[in-house]
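*Asks:* Fold the following and give me the result.
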Amino acid sequence: MASYLRGQGVADPDGLANDVFLRVFTNLGTFAGSEESFRSWVFAIAHNRLVDDRRQAARRPQIGDRPLPEQAWAGSTEVEALTRLGTERVERLLEELTPDQRDVLLLRIVADLTVEQVAQALDKPPGAVKQLQRRGLVALRRRLDAGDAGRTLSDPSDVHPPR
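*Replies:* Predicted coordinates for the structure are as follows:
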């Protein structure tokens, strides 16, 4: 859960995940279904909470021009540097996708949900989820093939490839 929220660029993914699990716990009596449905239900709550968090963040004044560090790093400087570079690159790539593509890819890959579960969590038809996944992967592949150098996904053909 926290990985999904971290991939969405949430400032406090662990805190938001805790809030999601609290909401799951308090609403557990209203849930009926299978284990697969439960996962979809939990990620639907997470997605809705993410949307709420973004709305609240847009209304909050920013303090300073730099974000606070997410965590204190321990270990070797080399491991720390590689971890931060990898994380920054992934975040940069995800930021260039459309929000719907990013949602679908994170739920499919990080949360390991099926197409049907993602469709339920995002309240979209399964066909739309498949298209968003395909377009997002094509855009990422093009970006990676370009060597990540000096090219952005602002070209509409990257986000919506020709058929």
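
*Asks:* average pLDDT across the longest helix along the chain?
*Replies:* Among the elements of the chain assigned as helix by DSSP state H, the one spanning the most residues is helix 35-59. On average, the pLDDT along helix 35-59 is 85.

*Asks:* by contact count, what packs against that helix?
*Replies:* helix 2-7, helix 13-27, helix 115-122 (3 or more CB pairs under 8 Å, 6 or more residues apart in numbering; DSSP states H and E). C-beta: built from backbone N, CA, C; applies to glycine.

*Asks:* 10 Å - rerun?
*Replies:* helix 2-7, helix 13-27, helix 99-105, helix 115-122 (3 or more CB pairs under 10 Å, 6 or more residues apart in numbering; DSSP states H and E).

*Asks:* buried ones in the very next helix or strand once past the last one?
*Replies:* Using DSSP states H and E, the helix or strand that follows helix 115-122 towards the C-terminus is helix 126-145. Within helix 126-145, the residues that qualify as buried by neighbour count (16 or more other CB atoms under 10 Å) are 129, 131-133, 135-140, 142-143.

*Asks:* what's the spacing between helix 126-145 and its chain's center?
*Replies:* Put simply, helix 126-145 sits 14 Å off its chain's centre (CA atoms, centre = their mean, to the nearest Å).

*Asks:* Counting by contacts, list what it packs against.
*Replies:* The criterion is 3+ CB pairs under 10 Å, 6+ apart, and the helices and strands that helix 126-145 contacts are helix 77-95, helix 99-105, helix 115-122, helix 156-159.

*Asks:* remind me which residues of this protein are low pLDDT?
*Replies:* Low-confidence segments of the chain, defined by pLDDT under 70, span residues 61-86, 148-163.

*Asks:* List the contacts of Asn18.
*Replies:* When contacts are counted by CB atoms under 10 Å, 6 or more residues apart in numbering, Asn18 touches 1-2, 12.

*Asks:* ok, now with 8 Å
*Replies:* Asn18 is in contact with no residue at all, counting by CB atoms under 8 Å, 6 or more residues apart in numbering.

*Asks:* ok, now how distant is it from Arg49?
*Replies:* 10 Å (CB to CB, to the nearest Å).

*Asks:* For the chain, which residue occupies the most central location?
*Replies:* In the chain, the C-alpha closest to the average C-alpha coordinate belongs to Gln8, at a distance of 3.4 Å (CA atoms, centre = their mean).

*Asks:* So it is in contact with Leu106, correct?
*Replies:* Yes. Counting by CB atoms under 8 Å, Gln8 does reach Leu106; the two are 6.4 Å apart.
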